[in-house]
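[1] the sequence and its predicted three-dimensional model are supplied below.
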Amino acid sequence: STNVLQWLVLQHAKLTVTMFTASQYRRKKAQQKYLSFLDSLRSIQARYRGRNVRRLYHGILSQRFKQVHQFNTIWNKATIVLDETTDSLPWLSWKKIKIE
């Protein structure tokens with residue numbers, strides 16, 4: 001009878017350890033799945049926000065690039081001449097104005 005009781009206690013302990021290990025494994029897998037879901041959600045949100053920002057400011061940026069190109073084609077020679085002649089006058093330097 002004591003052998004049977006010992007065997008029952010041992011089986012109960014094995015079952016308890018097995019159930020604990022299985023539940024911890026399932027919990028860990030669920031946590032990994034949830035973290036993977038959050039990472040993919042962040043990635044999708046970042047792409048969506050980037051696309052919206054680009055769509056929102058596309059007209060303004062393209063207009064600004066056109067203005068810069070027009071300015072450079074018209075005033076490029078004048079700015080080069082100004083840079084060369086105003087090296088002795090730093091407060092009038094075009095380089096300083098471009099940096100600011």
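    It's in.
[2] CA atoms for contacts and neighbours, from now on please.
    OK.
[3] distance of residue 36 from residue 29?
    10 Å (C-alpha to C-alpha, to the nearest Å).
[4] to clarify, my last question referred to residue 62.
    Taking C-alpha to C-alpha, one finds residue 62 at 48 Å from residue 29.
[5] in contact with residue 38, which residues?
    Under the criterion of C-alpha atoms under 8 Å, 6 or more residues apart in numbering, residue 38 has no contact partners.
[6] what about whatever helix or strand residue 58 lives in, average pLDDT?
    For residue 58, the element it lies in under DSSP states H and E is helix 2-85. Predicted confidence along helix 2-85 averages 90 (mean pLDDT).
[7] any idea how far that helix is from the chain center?
    Centroid separation between helix 2-85 and its chain, computed with C-alpha atoms, centre = their mean, to the nearest Å, is 6 Å.
[8] spatially central residue for the protein, please.
    residue 46 (6.6 Å; C-alpha atoms, centre = their mean).
[9] that one: what's it in contact with?
    Contacts of residue 46 by C-alpha under 8 Å, 6+ apart: none found.
[10] what about it, distance to residue 62?
    23 Å.
[11] now stretch 3-19 - C-alpha only, PDB.
    Taking Å, rounded to 0.1, in the frame of the first residue of the first chain, the C-alpha atoms of stretch 3-19 are listed here in PDB:
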ATOM      1  CA  ASN A   3       4.300   1.700  -2.700                       C
ATOM      2  CA  VAL A   4       1.000   2.500  -4.300                       C
ATOM      3  CA  LEU A   5       0.800   5.700  -2.400                       C
ATOM      4  CA  GLN A   6       4.400   6.700  -3.300                       C
ATOM      5  CA  TRP A   7       3.600   5.900  -7.000                       C
ATOM      6  CA  LEU A   8       0.400   8.000  -6.900                       C
ATOM      7  CA  VAL A   9       2.300  10.900  -5.200                       C
ATOM      8  CA  LEU A  10       5.100  10.600  -7.900                       C
ATOM      9  CA  GLN A  11       2.600  10.500 -10.700                       C
ATOM     10  CA  HIS A  12       0.800  13.600  -9.300                       C
ATOM     11  CA  ALA A  13       4.100  15.400  -9.000                       C
ATOM     12  CA  LYS A  14       5.000  14.500 -12.600                       C
ATOM     13  CA  LEU A  15       1.600  15.600 -13.800                       C
ATOM     14  CA  THR A  16       1.900  18.900 -11.900                       C
ATOM     15  CA  VAL A  17       5.400  19.600 -13.300                       C
ATOM     16  CA  THR A  18       4.200  18.700 -16.800                       C
ATOM     17  CA  MET A  19       1.200  20.900 -16.600                       C
END
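[12] having no further points to raise, I will conclude here.
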